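>>> Build me a structure from this.
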Amino acid sequence: MADEEANDNGDEEEKTFQERVEEIREKRAKEGDEDRDERLKEAMGGGGPGGMGGNPFAQMMGGMMGGGPGGMGASRGSESGSDEDLVREVRQLRDEVRDATRQLQRIADALEE
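Next up is the predicted model:
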C-alpha cells in the first residue's frame, strides 16, 4: 500500500512538472525573440558602454591574456619580426623531426636484419 501511495505522489509531481513545462513554453511563445535576447544579455552581465558587459570570467581571462580596452597586449609592428622567428623555429623543428625519423628507420632496418 505504501508503494501505491508513492506512485500516486510521483504521478502528481510529474503532472505538475509537465504542466510547468507547458506554461514556460507558452510564456516564451508570447514573449517572442526580442525579449529572449534581452533576457540573455541581462543574464550575461548586460551590454554596458565600451564593451564592458558580458561574462565576468571572460573579461578576466581577456585581461590576463593581454586583451581588453586601452590597447593592451603586443603592438602590431613587432609581429612581423616574431613571425619570422617562429617560421625559423618551425623549420628547425621540422628538420630535427626528419633526422630523428631517419635515425629510427635505420634502427628499425638494422633490427629486422
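
>>> Now do the helices in this protein.
Here the chain has its helices, by DSSP state H, at 2-43, 56-64, 79-112.

>>> what stretches of the protein score poorly on pLDDT?
Scanning the chain for pLDDT under 70 picks out 1-14, 33-37, 39-54, 63-80.

>>> Outline the domain layout of it.
The chain resolves into domains spanning 1-63, 78-113 when parsed by automatic domain parsing.

>>> can you pull the contacts of Phe17?
With contacts defined as C-beta atoms under 8 Å, 6 or more residues apart in numbering, Phe17 has no neighbours. Quick note: C-beta positions are derived from backbone N, CA and C, even for glycine.

>>> Tell me the spacing between it and Arg28.
Taking C-beta to C-beta, to the nearest Å as the measure, Phe17 falls 17 Å from Arg28.

>>> swap in Val87?
For Val87, the distance to Arg28 equals 52 Å [C-beta to C-beta].

>>> Would you mind telling me which of these two has the busier surroundings?
Shown here are Val87 and Arg28; by other C-beta atoms under 10 Å, Arg28 has more neighbours (13 against 10).
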